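1. Could you look at this predicted model? Sequence included:
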Amino acid sequence: MQDGNGLDHLAGERAMAQFDLQAMKVYLAGGQREYEISTKMAQLVANDPVFSKEDRVRLARKDLYKNSLRKAGHAWKTILEKGLSEVEGLKLRHFVDEPTYTDLHWGMFIPAIKGQGTEEQQHKWLPLAYKMAIIGCYAQTELGHGSNVQGLETTATFDPTTDEFIMHSPTVTSTKWWPGGLGKASTHALVYARLITDKKDHGIHAFIAPIRSLEDHTPLPNVTVGDIGVKFGNGGYNTMDNGFLRFDHVRIPRENMLMRLATVTKDGKYVRSNKPRQLGYGAMVFVRQGIVIDASIYLSRAVTIAVRYSAVRRQFGNKDEPGELQVIQYRTQQSRLFPLLATAYAYRAVGFWMKSLYADVMKRLNDNDFSTLPEVHACTAGLKSITTSVTADGIEECRKLCGGHGFLCASGLPELYAAYVPACTYEGDNTILLLQVARFLLKTLSQVSKVRPVGTAAYLGNIKQLSTQNCKVSQGHDWLNTSVLLEAFEARSARQAAAVALRLAKGSGSEAEFQENTPELVESARAHCQLILVSKFIEQLQTGTPEGIRKQLEVLCYTYAFSQLIDNAGDFLATGYVTGNQIALAKEELKHMFDKIRPNAVALVDAFDHTDDYLGSALGRYDGDVYTHLYKGAFKESLNDTVVVDGYEEYLKPVLTQNLWAPHSKL
Ligand SMILES: CCCCCCCC/C=C\CCCCCCCC(=O)SCCNC(=O)CCNC(=O)[C@H](O)C(C)(C)COP(=O)(O)OP(=O)(O)OC[C@H]1O[C@@H](n2cnc3c(N)ncnc32)[C@H](O)[C@@H]1OP(=O)(O)O
Ligand SMILES: Cc1cc2nc3c(=O)[nH]c(=O)nc-3n(C[C@H](O)[C@H](O)[C@H](O)COP(=O)(O)OP(=O)(O)OC[C@H]3O[C@@H](n4cnc5c(N)ncnc54)[C@H](O)[C@@H]3O)c2cc1C
């Protein structure tokens, strides 16, 4: 999507491409219809000055937030006026490219009501939420507890005399803290609180609590609510009003408890449904699956900037070639950059699969089939963890790959990092989530002789074979076989999981022993997730990939798998499945892959189809006209509003004219 000034500094790069660019764009968008919607919405946002991102990193928090409200309001108005569909509206908000209260309203408040509300409750709340007559947030985390959901302290005590719940924050640590959209925008909060009936604590349940007046937006009586303060980085996540919330014996009607999983009757009787209580965590599962494709989008933005800039940037030369070399020619640059490019493709493919996995589990849940829930939970938690960690580190690596200019906000990378890095913490701290995967693996292994593992854990059914047979690769090209690769990842994961399971099984089963082994448990969870990523990338390629792009996707898939193998060589070697020589052979193959990527690199990032507006980067411009725009950009800096800086008279001039230093000088 070219929106530069017509002069294409990267034309030579683009001419080298060996694949069908248009087909790749459609593949990455998820289909022709999605591609068309994406293109239309990207242009709509790029051409609307209200959505401009120009000054975001320079705005003070109050202005930044107000501007963000303006954009969110304008986006909603545009959606209504143009009669956009739900998918179009989602895309439009995506291209507005600012964390804001609507993310939580649409992404968590509504899904939680759908998942945990009875039909009657859905009927009452969803129409209001869909037309945004109310704005909701997801108020789970408190000052004292985030990961440990069972440790939350807010109480909802049933009062049968009035048929109400009394919402209360009994301690400082029970203050709701972090929910996005809560600070200033929301009118309603989906509050997770301990349900108490007749002095009995039934644990954590969800309640819809009105928190602000629908008349004038003031906090309701006995509700204390506000924004928690400035967060990491300029711009970034500061467009979001992450908030605090306290209740002082606030009464809400009994019907405001979401009652699909458990009910409190008028006379105060607590009745559980026969559905697993973990369905109360459903909104988190929904967002975690969506985060995988989100990771691909963020990583692809950073990679687009770094690849284009690396093709423009020249440093040094060699005696064999005239002029200076493009930095993308350097093997070290390639070995840092191309695996990230391949990773962005891998996460896209796996993200598509995640959507189908989620659709499948939802269908099953509707039919009261809960059998795949543990596996889906482990899979969404694990892949959320790995993909966000790798993406955050990858954005930072791309910044370094752009040298000094990457450190300028004009590169787009500092803000991208600041906006993205909290993904490693929100929706579940990444280590906590890997420990969930590890628990799932231990449970699966402990039952393997009785219950055949399913889905992404099915390979553990072959644990005996995977533990005894070693890798047969004897020459580099033996690695160019997806079953050989898959078996290596399966054997490594199975062996790591079995080793730690065995160690725990030999012990007393105490929590202390479990804690002692958590580093190994996290490593084995990571191994399992890396296997899922490699295997699903391969599987996606093998199911109907168009001819014009298959070869490139295969190259990217091998690049991804080999770089995972090499980056984790220590683990692979420690399991005894592969030898040092086999790893060395994979390294050579990886270099061959880099050679295949090199002529296609710029086209491969073009295929992500990010507009210049969306990238917001002088280094990643489509036309490659980097230097002109970096230079022009400096004149937008507020320090350059005047030639002589504000502060000269008061602070610089005295230093220059009083010559304070001179009396002490020996000169
Ligand atoms: C329309 C738009 C859509 C767009 C969407 C796409 C992309 C969006 C991108 C960007 C927008 C979002 C912007 C940011 C939003 C940020 C929001 C937040 O941060 S909300 C707060 C998150 N808070 C956490 O995640 C806490 C983490 N803690 C937990 O999840 C749990 O408490 C955990 C996992 C640590 C468990 O702790 P235990 O052990 O005390 O849990 P016990 O409740 O006793 O449950 C244990 C059993 O339940 C299973 N389990 C746990 N979680 C499950 C789950 N989610 N599903 C199913 N089973 C689960 C376990 O496997 C275990 O099973 P067994 O007993 O071993 O069989
Ligand atoms: C930008 C942002 C937006 C957010 N939005 C929302 C929102 O909309 N709604 C909402 O409810 N919440 C929200 N949160 C809160 C978020 O979900 C929590 O911060 C997150 O779940 C982590 O919990 P915590 O802060 O309690 O971390 P902690 O659990 O205190 O983690 C601190 C450290 O301790 C480690 N640790 C903790 N327990 C263990 C253990 N058992 N074993 C080993 N290590 C452990 C962790 O790995 C981490 O390194 C948001 C957070 C952020 C940063």
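-> Sure, I can see it. Ligands and ions are numbered 1, 2, ... in the order given.
2. And P111, how far from Y358?
-> Plainly put, P111 is 11 Å away from Y358 if you go by C-beta to C-beta, to the nearest Å. (Glycine included, C-beta is placed from N, CA and C.)
3. what is in contact with those two at once?
-> F286 (C-beta atoms under 8 Å, 6 or more residues apart in numbering).
4. in the helix or strand containing K464, what's buried?
-> Assessed by DSSP states H and E, K464 sits inside helix 463-468. Within helix 463-468, the residues that count as buried by 16 or more other C-beta atoms under 10 Å are 463, 466.
5. Pull that helix out as CSV, backbone CA atoms only.
-> Extracted as CSV, the C-alpha positions of helix 463-468 are listed here (Å, rounded to 0.1, in the frame of the first residue of the first chain):
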residue,chain,number,x,y,z
ILE,A,463,6.2,-40.6,25.4
LYS,A,464,8.0,-44.0,25.4
GLN,A,465,9.1,-43.8,21.8
LEU,A,466,10.0,-40.1,22.0
SER,A,467,12.1,-40.9,25.1
THR,A,468,14.1,-43.7,23.5
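6. count of residues packed around the residue in the stretch 451-600 of the chain that ligand 2 sits nearest to?
-> Residue nearest to ligand 2 within the stretch 451-600 of the chain (C-beta to the nearest ligand atom): T518, separated by 6.1 Å. Neighbours of T518 under the rule other C-beta atoms under 10 Å: 14.
7. I figured it was touching I432, is that so?
-> No: with contacts counted by C-beta atoms under 8 Å, T518 stays clear of I432, the gap being 10.6 Å.
8. C-terminal to the longest helix anywhere in the chain, what's the next element?
-> In the chain, with assignment by DSSP state H, the single longest helix is helix 331-366. Going down the chain from helix 331-366, the next helix or strand is helix 373-401, by DSSP H and E.
9. So what's the residue count around the closest residue to ligand 1 within the stretch 251-400 of the chain?
-> Taking C-beta to the nearest ligand atom, ligand 1 has its nearest neighbour within the stretch 251-400 of the chain at G290, 2.4 Å off. For G290, the neighbour count with other C-beta under 10 Å is 19.
10. what's near enough to touch it?
-> G290 touches 107, 354, counting by C-beta under 8 Å, 6+ apart.
11. Apart from its chain neighbours, what residue comes closest to the residue of the stretch 451-600 of the chain closest to ligand 2?
-> L435 (6.5 Å; C-beta to C-beta, 6 or more residues apart in numbering).
12. What helix or strand is that neighbour located in?
-> helix 430-446.
13. elements contacting that helix?
-> For helix 430-446, the packing partners by 3 or more C-beta pairs under 8 Å, 6 or more residues apart in numbering; DSSP states H and E come out as helix 373-401, helix 482-506, helix 518-541.
14. quick one, what contacts the residue lying closest to S213 once chain neighbours are set aside?
-> Leaving aside its sequence neighbours, S213 sits nearest to L220 (C-beta to C-beta, 6+ apart; 6.3 Å). L220 is in contact with 210-213, 250, counting by C-beta under 8 Å, 6+ apart.
15. confidence score at L220?
-> Reading off the confidence values, L220 has pLDDT 98.
16. what residues does the stretch 101-250 of the chain put near ligand 2?
-> Counting by C-beta under 6 Å from any ligand atom, the residues of the stretch 101-250 of the chain close to ligand 2 are 104, 138-141, 145-147, 178-180, 237, 242.
17. hmm, try it at 5 Å
-> Contacts of the stretch 101-250 of the chain with ligand 2, taken as C-beta under 5 Å from any ligand atom, map to 138, 140-141, 146-147, 178-180.
18. Going through the residues you listed, which ones are buried?
-> Of these, these count as buried by 16+ other C-beta under 10 Å: 138, 140-141, 146, 178-180.
19. Get me the contact residues on this protein for ligand 2.
-> 138, 140-141, 146-147, 178-180, 422, 425-426, 429, 431.
20. which of the residues you listed lies closest to L656?
-> Set against L656, the nearest of the residues of the chain next to ligand 2 by C-beta to C-beta is P422 (43.9 Å).
21. quick one: contacts for that closest one?
-> Going by C-beta under 8 Å, 6+ apart, P422 touches 231-232, 237.
22. ok, now V271?
-> Contacts of V271 (C-beta under 8 Å, 6+ apart): 262-265.
23. out of those, who's nearest A505?
-> Using C-beta to C-beta, these come closest to A505 at A262, 35.4 Å.
24. beta partners for that closest one?
-> Residues in a beta bridge with A262, per DSSP bridges, are R272.
25. K269 is in contact with that one, correct?
-> No: using C-beta under 8 Å, A262 is not in contact with K269; the gap is 10.9 Å.
26. Between those two, point out the one with more neighbours.
-> Counted by other C-beta under 10 Å, A262 and K269 do not tie: A262 has more neighbours, with 20 against 12.
27. where does that one land on pLDDT?
-> Looking at A262, its pLDDT stands at 96.
28. shaky segments in this protein?
-> 1-6, 659-667 (pLDDT under 70).
29. how about the strands in it?
-> Assigned by DSSP state E, the chain shows strands spanning 136-139, 155-159, 164-168, 176-177, 188-197, 200-210, 223-227, 243-247, 250-253, 262-264, 270-272, 314-317, 324-326.
30. Who are the packing partners of the first one?
-> Using 3+ C-beta pairs under 8 Å, 6+ apart, the elements in contact with strand 136-139 are helix 101-104, helix 110-116, strand 188-197.
31. Could you do the fourth one as well?
-> When contacts are defined as 3+ C-beta pairs under 8 Å, 6+ apart, strand 176-177 packs onto strand 243-247.
32. Write out the residues of the stretch 101-250 of the chain neighbouring ligand 1.
-> Checking the stretch 101-250 of the chain against ligand 1 by C-beta under 5 Å from any ligand atom, the hits are 103, 106-107, 140, 147, 149-150.
33. Next up, the contacts around the residue in the stretch 551-667 of the chain that ligand 1 sits nearest to.
-> For the stretch 551-667 of the chain, the residue closest to ligand 1 is Y614, as judged by C-beta to the nearest ligand atom, at 16.1 Å. Residues near Y614 by C-beta under 8 Å, 6+ apart: 42, 45-46, 95, 97, 301.
34. chain center to stretch 442-458, what's the gap?
-> When distances are taken as C-alpha atoms, centre = their mean, to the nearest Å, stretch 442-458 is centred 28 Å away from the chain's centroid.
35. repeat for stretch 476-489
-> 29 Å.
36. Over to stretch 461-475?
-> 34 Å.
37. And stretch 182-195, by the same measure?
-> 23 Å.
38. Span of it from start to end?
-> Using C-alpha to C-alpha, to the nearest Å, one end of stretch 182-195 lies 22 Å from the other.
39. repeat for stretch 214-225
-> From start residue to end residue, stretch 214-225 stretches across 15 Å - C-alpha to C-alpha.
40. In it, which residues are buried?
-> 220, 223, 225.
41. got a list of what the residue in the stretch 1-150 of the chain that ligand 1 sits nearest to touches?
-> Nearest residue of the stretch 1-150 of the chain to ligand 1 (C-beta to the nearest ligand atom) works out as V149 at 3.5 Å. Shown in contact with V149 (C-beta under 8 Å, 6+ apart): 140, 192, 204, 281.
42. contacting residues for the closest residue to the first one other than its chain neighbours?
-> Distances taken as C-beta to C-beta, 6+ apart place Y192 nearest to Q140, at 4.3 Å, with adjacent residues excluded. With contacts defined as C-beta under 8 Å, 6+ apart, the neighbours of Y192 are 139-140, 149, 152, 154, 204-207.
43. Can I get the buried part of those residues as one ChimeraX selection?
-> Entered in ChimeraX, the line below selects the buried ones among these, by 16+ other C-beta under 10 Å:
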select :139,140,149,152,154,204,205,206,207
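44. For ligand 2, what's the nearest residue on this protein?
-> Closest to ligand 2 within the chain is G146: 2.3 Å, counting by C-beta to the nearest ligand atom.
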